[in-house]
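fold the following.
(2 chains)
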Number of protein chains: 2
Amino acid sequence: MVAASSVVLVACGSGKGVGTNSGSSKTELTGNNSGSKYQSLIKDGHYQVSKSSGVDQSQTSNTFNLQGFQHGLQNISKKEFSPDKYVFQEGQYISTSTTYNWLGRKSKDNPEGLNPSQPKKKVVPEYLQQVDEQDYLEPEGGKMKLKGMTIGIGLNSVYYYTKENYGAQYSKHLDDADIEQNGKEIANKILARMRANKDTKNIPIVIALYKAAPEDSLVGGNFIAYSVNKDGAKEVSSWNKVDEKNYVLPASDGEKLPNDNDAAAFNEFKNKAQSYFPNLSSVTAQAHYTDGSLSGMTINVTTQFYSYTEINSFTQYLQTAAQKYLPTGAPIEIQVGSTNGMQSYLYRSTNDKKFSSHVFTNY
Amino acid sequence: MVAASSVVLVACGSGKGVGTNSGSSKTELTGNNSGSKYQSLIKDGHYQVSKSSGVDQSQTSNTFNLQGFQHGLQNISKKEFSPDKYVFQEGQYISTSTTYNWLGRKSKDNPEGLNPSQPKKKVVPEYLQQVDEQDYLEPEGGKMKLKGMTIGIGLNSVYYYTKENYGAQYSKHLDDADIEQNGKEIANKILARMRANKDTKNIPIVIALYKAAPEDSLVGGNFIAYSVNKDGAKEVSSWNKVDEKNYVLPASDGEKLPNDNDAAAFNEFKNKAQSYFPNLSSVTAQAHYTDGSLSGMTINVTTQFYSYTEINSFTQYLQTAAQKYLPTGAPIEIQVGSTNGMQSYLYRSTNDKKFSSHVFTNY
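So this is what the prediction gives:
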């Protein structure tokens, strides 16, 4: 559980100087609930949604890709733009139309397209799937100023296409080396374009490459590399490798977790959970690995039972079983659902010793 | 957030003597996660579901009635059977067929029916809607023994009927005094029947009357009275009045909360939440009152936004607004959902100073 902490609305100009009043528009912050999370900017009482809001959603039918991309991008940002110092704002500099142009194929009508042009009767895959911008601000001279930016480049791992309009869908698996090479070329083009805009000419821009999972995947994709481009740099000089991967549990044939013990621990927990009720409960998990170690797990337990007392007792039982069997050292979240939606959930952060639980209440 | 505490599986015969081994069947407990919650009994690795499991679900289409009935019944039990001393078990003494017989109308074929017999061409309402049994055990002589029972009697507040098979549904609003009187008569009959069974002849039996909400209600019903019937008593000697009621917020025309300040506080929170995103979010709540004071609130916020960064910032913002506006002194739960289900939730227990929050993670 995230510990509750400072939750005071920071009014204009007060509160450690992070709130400010830029001209006639009043800005405030969402309030910070922990040192590891960004505060976000609110202007005139409204959240500033992304200038390209909704584009991401239209580019992938896999919501795990979407969440993993945005969440992971913010985690990469934290390495360069500390939440203690910077305020988060949804991307305000790359517009919806620009984003769609970039995501399109290069053509006479769309010279800005970052996907290759399409010759007749040849399958030329599109590598670029989505672009996400995140802004990082600091107060300066009584105003909140853009001081850093992170751009995520989402890349297809499978290219889906049809041979004719409304025809059958075909797919082509893309090679990892090709994905990375194409991503890096696209990154250089985007960086050069951002430097042509006066607002983003002289700020540090972090660019990260995300390899999206196939559409039918039960987990999202993963970041493969990121670069930190100092003020004014027009070309990426070096890339940092990112080693992360998501797995579905129970593992399908032929897929092996980096750590056998984690798979065994999950199976023990799963068996224990499934033996509880006379009718089978379904127990699956997403496991996130960073540098070969478990760095997060979300377990979904679905049961046909949903009386209050049944869910309450079951949650207590899962708490005991989770504490006994599941691996330590990574945040673990367990969502317990029925046909009526989520009934309870359990959580243990990396630093917590015990799982905490909550059964949702209706009156 | 419920603080995590002791979560050790209590094995047979160990652990403060609450686990035990009765003959060849191994019993264990679900593990207690807080002093205010019951541990439940597990036999041979399986949870003992109620002998009449599923009957409740078939008797009402309003799931709020179901949850409120079961949850509230356990709260009433706590007054007589302390969770520190007693172990909870789903009802094992009133079977499914007995329950259905009791819920039926009295007739030649069903002499046990607790609803009045049906004369021809006259509307005679059924008062009894559901019956729920909860068992409370203590270890004795190396075995877990039944030491107390709570029986909930769910009563219709509206009687739904048709004039012919598959005909239109009509409804008749039932009078509060009639509901209570019928409930008390049914309670006496059930108590006498329980005393005819040797297992339940000499234990304390708590009986509680629940007035179910109409089928289309956005909140469940409420308990109106309970009685504590000492070992062997065959008739209820006295009733304790229960003063509780549920309200929907924003309040509909003509309905007024017991406390105007609570309604105003909710409205301030609602306005603040709805101003956040450019598109409207829906904000509704269930407010539970006991003895005229707010004793619990569940707020549902539904938004069309669901990118990770949007939900994350919104949750932070709600945490600030909830802390600023919402009334203290009662547990408050805020569920934030999108078309993809629950995205985050916030909670402050009666004793917590601040709201804590959790954004659900997918990988």
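
hang on, residue A:131 is in a strand, isn't it?
Yes: judged by DSSP: H, G, I helix; E, B strand; the rest coil, residue A:131 forms part of a strand.

residues touching the nearest residue to it once chain neighbours are set aside, list them.
Spatially, and ignoring its direct neighbours in sequence, residue A:131 is nearest to residue A:99 (5.5 Å; CB to CB, 6 or more residues apart in numbering or on different chains). Yep, even glycine has a C-beta here, placed from its N, CA and C like the rest. Listed by CB atoms under 8 Å, 6 or more residues apart in numbering or on different chains, the contact set of residue A:99 reads A:52, A:55, A:131.

isn't the first one right next to residue A:93, touching?
No: counting by CB atoms under 8 Å, residue A:52 does not reach residue A:93; the two are 9.6 Å apart.

which neighbours do the two have in common?
Jointly contacting residue A:52 and residue A:93 under the rule CB under 8 Å, 6+ apart are residue A:133.

and residue A:334, what are its phi and psi?
Per-residue torsions, residue A:334: phi -120, psi 120 (degrees, to the nearest 10).

what pairs with it across the strands?
Beta-bridge partners recorded for residue A:334 (DSSP bridges): residue A:299, residue A:346.

burial of it, as a residue count?
Applying other CB atoms under 10 Å in any protein chain shown, we find 26 other residues in the vicinity of residue A:334.

quick one on the thing from earlier: by pLDDT, rank the contacts of residue A:99 and give me the bottom one.
Lowest pLDDT within these is found at residue A:55 (80).

contacts only, for residue A:233.
A:191, A:195, A:205.

in a helix, it, correct?
No: under three-state DSSP, residue A:233 falls outside any helix and is assigned coil.

would you mind listing what in the stretch 201-350 of chain A touches chain B?
For the stretch 201-350 of chain A, the contact set with chain B under CB under 8 Å from any CB of the partner chain comprises A:219-220, A:246, A:275-278, A:286-288, A:296, A:298, A:305, A:307-310, A:312-314, A:316-317, A:319-321, A:323-324, A:331, A:333, A:335, A:340-342, A:345, A:347-348.

and those, which of them are in strands?
Those of those mapping onto strands are A:246, A:286-288, A:296, A:298, A:333, A:335, A:341-342, A:345, A:347-348, per DSSP state E.

by neighbour count, which of the contacts of residue A:233 wins?
residue A:205 (24 neighbours).

give me the pLDDT for the residue sitting furthest away from the middle of chain A.
Ranked by distance from the centre of chain A (CA atoms, centre = their mean), the top residue is residue A:278, with 37.2 Å. At residue A:278, the pLDDT value in this model is 76.

surely it meets residue B:45?
No: applying CB under 8 Å as the test, residue A:278 and residue B:45 come out as separate, 11.0 Å apart.

can you select the buried ones from the ones in strands among the residues of the stretch 201-350 of chain A next to chain B in PyMOL?
Buried members of those, defined by 16 or more other CB atoms under 10 Å in any protein chain shown, are picked up in PyMOL with:
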select buried, chain A and resi 246+286+287+288+296+298+333+335+342+345+347+348
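
mind putting the ones in strands among the residues of the stretch 201-350 of chain A next to chain B in CSV, distance to residue B:162 included?
Compiled in CSV, those are given as follows (distance: CB to CB, whole Å):
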residue, distance to residue B:162
A:246, 53
A:286, 48
A:287, 53
A:288, 55
A:296, 54
A:298, 47
A:333, 47
A:335, 40
A:341, 31
A:342, 36
A:345, 41
A:347, 48
A:348, 52
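
quick check: phi and psi at residue A:269.
According to degrees, to the nearest 10, residue A:269 has phi -60, psi -50.

tell me how far it lies from chain B.
13 Å (CB to the nearest CB, to the nearest Å).

how about residue A:86?
Between residue A:86 and chain B the computed distance is 14 Å (CB to the nearest CB).

what about that residue, neighbour count?
By other CB under 10 Å, the residues close to residue A:86 number 20.

repeat for residue A:250
Counted by other CB under 10 Å, the residues lying close to residue A:250 total 12.

list the contacts for it?
So residue A:250 contacts A:263, A:266-267, A:270, A:284 (CB under 8 Å, 6+ apart).

now, these that are in strands?
Counting by DSSP E, those place residue A:284 in strands.

flag the shaky bits of chain A, pLDDT-wise.
A:1-25, A:32-35 (pLDDT under 70).

domain parsing for chain A?
By the assignment in automatic domain parsing, chain A contains the domains A:49-242, A:247-359.

export those domains to TSV and tack on distance to residue B:163?
Formatted as TSV, those follow (distance: least, CB to CB, whole Å):
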stretch	distance to residue B:163
domain A:49-242	49
domain A:247-359	32
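
sort out for me which of the contacts of residue A:233 are in strands.
residue A:205.

quick one: which of the contacts of residue A:233 is nearest to residue A:26?
Checking the contacts of residue A:233 against residue A:26 with CB to CB, the nearest one is residue A:205 at 28.5 Å.

isn't the closest one right up against residue A:148?
Yes: contact criterion CB under 8 Å: residue A:205 and residue A:148 qualify, at 7.5 Å.

could you find the closest non-adjacent residue to the residue in the stretch 101-250 of chain A that chain B sits nearest to?
Closest approach between the stretch 101-250 of chain A and chain B, counting by CB to the nearest CB: residue A:246, at 4.6 Å. Leaving aside its chain neighbours, residue A:246 sits nearest to residue A:219 (3.7 Å; criterion: CB to CB, 6+ apart).

then residue A:94 would be within a helix, right?
No: counting by three-state DSSP, residue A:94 is not found in a helix; it is coil.

what is the burial count for the spatially closest residue to it that is not a sequence neighbour?
Spatial nearest neighbour of residue A:94, chain neighbours left out: residue A:133 (4.8 Å); criterion: CB to CB, 6+ apart. Look at residue A:133: counted by other CB under 10 Å, it has 25 neighbours.

do a quick rundown of the helices in chain A.
Secondary structure of chain A by DSSP state H: the helices cover A:55-59, A:63-80, A:96-103, A:176-195, A:260-276, A:308-325.

where does the stretch 51-200 of chain A get nearest to chain B, which residue?
Using CB to the nearest CB, the closest approach of the stretch 51-200 of chain A to chain B is made by residue A:70 at 3.9 Å.

that residue touches residue B:307, doesn't it?
Yes: counting by CB under 8 Å, residue B:307 is a contact partner of residue A:70 at 5.4 Å.

of the helices of chain A, flag the one that's most buried.
Ranked by mean neighbour count under mean count of other CB atoms under 10 Å in any protein chain shown, these are led by helix A:308-325, which reaches a mean of 23.

what packs against that one?
On a contact count with 3 or more CB pairs under 8 Å, 6 or more residues apart in numbering or on different chains; DSSP states H and E, helix A:308-325 meets helix A:260-276, strand A:332-338, strand A:341-348, strand A:356-359, strand B:39-43, strand B:46-47, helix B:63-80, strand B:87-90.

out of these, which is closest to residue A:234?
Smallest distance to residue A:234 across these (CB to CB): 41.6 Å, for strand A:332-338.

compute the inter-axis angle for the closest one and strand B:341-348.
Put simply, strand A:332-338 runs at 110 degrees to strand B:341-348, going by axes from the mean of the first three to the mean of the last three CA atoms, to 10 degrees.

quick one: contacts of strand A:332-338?
In contact with strand A:332-338 (CB under 8 Å, 6+ apart) are residues A:296-306, A:311, A:314-315, A:318, A:322, A:326, A:342-348, A:355, B:360-361.

please name the nearest non-neighbouring residue to the residue of the stretch 51-200 of chain A closest to chain B.
Nearest one to residue A:70, counting by CB to CB, 6+ apart, is residue B:308 at 3.9 Å.

relative to residue B:74, which of the helices of chain A is closest?
With CB to CB as the criterion, residue B:74 lies closest to helix A:308-325 of those, at 6.3 Å.

got the buried residues for stretch A:193-207?
A:193-195, A:200, A:203-207.

what does stretch A:278-293 give?
Residues of stretch A:278-293 classed as buried under the neighbour-count rule (16+ other CB under 10 Å) are A:281, A:283, A:285-290.
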